[in-house]
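Q: mind folding the following:
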Amino acid sequence: MNGDGNTCVSRTSDTSRSAQHRGEVRNIRPAASPSRAEVPTLLTPGDVAMSLRTSRKAIYAMIARGQMPGLVRVGRRVLIRADALVDWLRQKSMPSPER
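A: Residues are numbered from 1 along each chain as shown. Prediction:
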């Protein structure tokens, strides 16, 4: 870390090899973090089950059959994007019958 708080990392690309040989170190700034609006809300199968008033087992069965939209897998963990779930529910909804 240098005096201004930035981490110094040397790169091994072809263009910076000569800089490494001279002992130069280039500053690499971290990428800007995404705003909250860009990060999707993720739900667990338990959250989805409570929202849809069904069991977790039923949600996992839908996931296994490929019927659940917006799946995100992080390692072994399965999460569902809330926006995809809401869109899917809107598509599945039927208008109320006229009386």
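
Q: wait, a helix at Met50?
A: Yes. Applying DSSP: H, G, I helix; E, B strand; the rest coil, one finds Met50 inside a helix.

Q: tell me the pLDDT at it?
A: Met50 is assigned 96 on the pLDDT scale.

Q: okay, now it: neighbour count?
A: 14 (other Cβ atoms under 10 Å). Where C-beta positions appear, they are placed from N, C-alpha and C, glycine not excepted.

Q: ditto for Pro45
A: Pro45: 20 neighbours (other Cβ under 10 Å).

Q: quick one: contacts for it?
A: Pro45 is in contact with 56, 59-60, 63, 78, 80, counting by Cβ atoms under 8 Å, 6 or more residues apart in numbering.

Q: swap in Ala58?
A: Applying Cβ under 8 Å, 6+ apart, we find Ala58 in contact with Ala49.

Q: how much space separates it from Gly70?
A: Noted for Ala58: a distance of 17 Å to Gly70, by Cβ to Cβ, to the nearest Å.

Q: next: Ser51.
A: Distance from Ser51 to Gly70, by Cβ to Cβ: 13 Å.

Q: between those two, which has more neighbouring residues?
A: Shown here are Ser51 and Gly70; by other Cβ under 10 Å, Gly70 has more neighbours (18 against 15).

Q: give me the common contacts of Ser51 and Gly70.
A: The contact sets of Ser51 and Gly70 overlap at Leu85 (Cβ under 8 Å, 6+ apart).

Q: just the residues contacting stretch 83-93, thanks.
A: Applying Cβ under 8 Å, 6+ apart, the contact partners of stretch 83-93 are 40-41, 43, 48, 51, 68-70.
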